[in-house]
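**Student:** Pasted the sequence and its predicted model underneath.
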Amino acid sequence: MANYFAKSWHPWVFSSLFVLAAWSMGVSWIGVLMLAVLTLIWGLLDYRNRKKLTQGEQSIRALAGGGELIGEMGALSREIKLGVSEQVAKLRSEQAQIQTLINDAVQTLQESFNGINGQSQAQLELVMGLIESVSDGIESEGNKKITFADFASETDKVLRFFVEHVVTISHNTMMLVERVEDMSKEMEHADSLLTDVKVIADQTNLLALNAAIEAARAGEAGRGFAVVADEVRKLSQRSNRFNDQIRNVIGTSKENIQEARDSAATLASKDMGFAIHSKARVDEMMRQVAEVNEVIADNLAKVSSMSSEIHNQVGSAVRSLQFEDIVRQLSGYSEEHFSKIEDIFESMQTEINRMVSAPETTPKELAVSIRTVRESLKQQFADMATHKPVDQESMSEGDVELF
């Protein structure tokens, strides 16, 4: 076995180099496993053929199974190329499918975010327009803007004037009630005076009657005095009738004054209660209006802040959607990478074919050829690793290299 590896080490080194190259270039594990199995089969066949040799100094081309071994190596090379080509084709198909899905998803997301941003901006404009209308006022026919605050202030002034006016009327009505009460008292006093007048008229009538009686006793001498007494009695009777008329008028006036006093008192009490209640309601309404204005101002400020935040979030989301450009660049770089891998395997297959079809070579010459292939492969891999179009690993702001 040691003699076998001493003479046949170069095919094993070359096959191992193929396995390592396939693994380092990202070939799927199926391709690597296939390559390893084929290498193992080739080695077993070679070992079996060499074991049948009777002379150790014969070359690989003089062996009875040498042609078969060369054919196996060529078949192995072709199998490697076929497997790698199939894997690269599958990767390209999957990559194209991923790019199509990403393009469709990104376009849909961009349209959605733009629609959300537009609706948010429209909503903000409507709200700000409402605020401006309430704050700056509505233009009237006289080209004078009336604000909600002006309307509330003017309403407050009118209501306060009305309330003060009602309070003044109520106060004056109460004074009128007091004056009517005084008039009622004066009418009572006048009625009492009419009673005295009636007493005087009754006494005068009685005196006139007595004078007429005395004149009748006096006879002819008292005739003139009787006439005077009769006139005095008639005057007394007229005084009583006039006194009764005045009493009736005073009584009617007293009743009217009492009704007027009751009506004025009722009106004054109702006006005062309504005025006090209205004033309290006006004060409460103005306080509530002020609170509503404060709440509206606070909520509108929050709406403005939320709209600004939504705008920022949508901007961040739209910026994040730029991953499509990054993925597209990486996809293009991967496509270029696949092409280079195919070129590398093509050149390796050409070199393998050259070494297989070459005349008898010594182990040293074969080692030099393998070293040349290895250095070329290493240099090509190094060239592929020097260029990376995208350095970002997150969706934060960064630079993108276009190619």
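**Tutor:** That came through, no problem. Residues are numbered from 1 along each chain as shown.
**Student:** could you pull out the helices for the protein?
**Tutor:** For the chain, the helices defined by DSSP state H cover 2-7, 9-24, 29-51, 66-136, 148-218, 223-320, 323-357, 363-385.
**Student:** ranking those helices by mean pLDDT, which is last?
**Tutor:** Among the helices of the chain, helix 2-7 has the lowest mean pLDDT, at a mean of 52.
**Student:** right, and Asp191 touches Asp244 too?
**Tutor:** No - counting by C-beta atoms under 8 Å, Asp244 is not a contact partner of Asp191; they are 11.9 Å apart. Placement of C-beta: from N, CA and C, glycine included.
**Student:** Kindly state the pLDDT recorded for Gln392?
**Tutor:** Here the pLDDT value assigned to Gln392 is 49.
**Student:** what about Leu207, how many residues close to it?
**Tutor:** Number of residues near Leu207 (other C-beta atoms under 10 Å) recorded here: 14.
**Student:** Return the residues in contact with it.
**Tutor:** Leu207 makes contact with Val232, according to C-beta atoms under 8 Å, 6 or more residues apart in numbering.
**Student:** What separation is there between it and Ile200?
**Tutor:** 10 Å (C-beta to C-beta, to the nearest Å).
**Student:** now Thr108
**Tutor:** 118 Å.
**Student:** What of Val177?
**Tutor:** Taken as C-beta to C-beta, the span from Val177 to Ile200 is 35 Å.
**Student:** Looking at the two now, which is surrounded by more residues?
**Tutor:** Val177 (20 against 14).
**Student:** from memory that one sits against Arg261, does it?
**Tutor:** Yes - contact criterion C-beta under 8 Å: Val177 and Arg261 qualify, at 5.7 Å.
**Student:** what sits in contact with each of these two?
**Tutor:** Both Val177 and Arg261 lack any common contact, where contact means C-beta under 8 Å, 6+ apart.
**Student:** Let me see the domain layout of the protein.
**Tutor:** Domain assignment for the chain by automatic domain parsing gives 2-133+322-385, 145-318.
**Student:** count of neighbours near Glu375?
**Tutor:** By the criterion of other C-beta under 10 Å, Glu375 has 10 neighbours.
**Student:** And Ser236, by the same measure?
**Tutor:** Residues near Ser236, counting by other C-beta under 10 Å: 20.
**Student:** separation between it and Asn248?
**Tutor:** 19 Å.
**Student:** now Leu206
**Tutor:** Leu206 sits at a distance of 24 Å from Asn248 (criterion: C-beta to C-beta).
**Student:** same question, Asp104
**Tutor:** Asp104 is 110 Å from Asn248, by C-beta to C-beta.
**Student:** just Glu214 next, same as before
**Tutor:** Counting by C-beta to C-beta, the gap between Glu214 and Asn248 amounts to 35 Å.
**Student:** Compare the two and say which is more crowded by neighbours.
**Tutor:** Under the criterion of other C-beta under 10 Å, the comparison of Glu214 against Asn248 puts Glu214 first, with 13 against 10.
**Student:** residues contacting the more buried one?
**Tutor:** Contacts of Glu214 by C-beta under 8 Å, 6+ apart are 222, 225.
**Student:** I'd like the numbering to begin with 14 instead of 1 from here.
**Tutor:** Got it, the first residue is 14 from now on, which makes the last one we talked about Glu227.
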